[in-house]
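*Asks:* Give me coordinates for this.
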Amino acid sequence: MDLRKFLTVNSASTTAADEANFSSSSSMDEPPAKKAKINSRKYSEDYLNYGFTWTGSVDTPLPLCVVCGNTKTNGAMVPSKLKRHLEKVHPSLVSKYKNYFERLITNSAKQSQKFEKAVRLSDKAQIASYEVAQLIAQKMKPHSIGETLIGPACRIMVKCMLGKEAETEINKIPLSNDTISRRIADMSENIAKNVHQKLNNKIFALQIDESTDISGKAQLMGFVRLINGDSIINQFLFCQELSGRTTGKEIFDCVDNFFKNSNFSWNFCTGICTDGAPAMVGNEKGFWTYAKQKNADIITTHRVYYTSRSFSSQNSSYGTNICFGRCDKNSQLY
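*Replies:* Residues are numbered from 1 along each chain as shown. This next block holds a predicted model:
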């Protein structure tokens, strides 16, 4: 084999490959061609002759038809396209002058202002709505009473005493069934949040009571007594449904789960007050026993109910007074 011929052919192929790589790399290094900048079309007052005003940004306005409210792209901001829209969509307005479309713009703005004024709720209307919702919740009335009784009664009284304008203001107060429900839920959430903040890393006493609602389901209610500033306050804490049996273990699990979800610690609980039911005061499987496993320093007491009849000297009727006392483990009233 001729070595010189082999070297010559190999050198020629290497040179061609290098030239191809150089040309491809040089073409990749070249910056891409810049796209031509498209100038946005500007709005002209003459376009109002075709029933078009503008909306959007000043730099890129969009044509807006004052008759049907149709919005087009910036590329349609030319007389021929605007005129075509007027002729095809609103042929009866082709002969109208510029002042006609100006009046349409003015009337549309006035209608928008009236609509906003009619639907805007003032702060006083919101406060009144919450006050009524709080009263309905305190009296334990159905939420629909706001729109079926309270609202109509207020409108009648205000109209008779103050006139029609005052009645219009009363109509702004939202009292529908769903609104009252939301108001009560908002207030409940706010109360729970405030109670949790006050109980955060503070000592408190806990009172537990189990009862049955009208549907036959067991409900467990909890109340707390704590120090708030210079005073001692009593506050409702929770109401939880007992899914299983009303045993001491079920009651403790319900309270313990609530403590865990609320980030409360049993170490800050100094006392527990319950009734004398075995599920509460049982020595082996009572609620007290499980609670003291969490905090052995808890002071446990139970309350007893008794009635006393006080006779009146002025007539023969008598009343029954329900009194509440607290007893310790030795049933000593104090």
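*Asks:* In the stretch 151-300 of the chain, mark out all the strands, start to finish.
*Replies:* Ranges of strands in the stretch 151-300 of the chain, per DSSP state E, counting those that start in this stretch, are 204-212, 218-228, 231-241, 269-274, 299-311.
*Asks:* Now distance to residue 169 and mean neighbour count too, for those, in TSV please.
*Replies:* In this view, the C-beta of every residue, glycine as well, is placed from N, C-alpha and C. Output for the strands of the stretch 151-300 of the chain, formatted as TSV (distance: least, C-beta to C-beta, whole Å; neighbours: other C-beta atoms under 10 Å):
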stretch	distance to residue 169	mean neighbour count
strand 204-212	43	17
strand 218-228	38	16
strand 231-241	35	13
strand 269-274	49	19
strand 299-311	49	12
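*Asks:* so which of the ones you listed gets nearest residue 73?
*Replies:* In terms of C-beta to C-beta, the element of the strands of the stretch 151-300 of the chain nearest to residue 73 is strand 231-241, at 58.3 Å.
*Asks:* Just the CA trace of the closest one, in PDB.
*Replies:* Taking C-alpha atoms only, strand 231-241 is exported to PDB below (Å, rounded to 0.1, in the frame of the first residue of the first chain):
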ATOM      1  CA  SER A 231     -60.600  40.300  86.300                       C
ATOM      2  CA  ILE A 232     -61.700  36.700  86.200                       C
ATOM      3  CA  ILE A 233     -63.900  35.800  83.200                       C
ATOM      4  CA  ASN A 234     -66.000  32.800  82.300                       C
ATOM      5  CA  GLN A 235     -66.000  31.800  78.700                       C
ATOM      6  CA  PHE A 236     -67.600  29.100  76.600                       C
ATOM      7  CA  LEU A 237     -64.900  27.000  75.000                       C
ATOM      8  CA  PHE A 238     -66.400  24.200  72.800                       C
ATOM      9  CA  CYS A 239     -69.300  22.000  72.100                       C
ATOM     10  CA  GLN A 240     -68.400  18.600  70.600                       C
ATOM     11  CA  GLU A 241     -70.600  15.700  69.600                       C
END
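*Asks:* What residues sit buried inside the helix or strand where residue 81 lies?
*Replies:* Here residue 81 sits within helix 79-89, counting by DSSP states H and E. Applying a neighbour-count criterion of 16 or more other C-beta atoms under 10 Å, one finds 82, 83, 85, 86 buried in helix 79-89.
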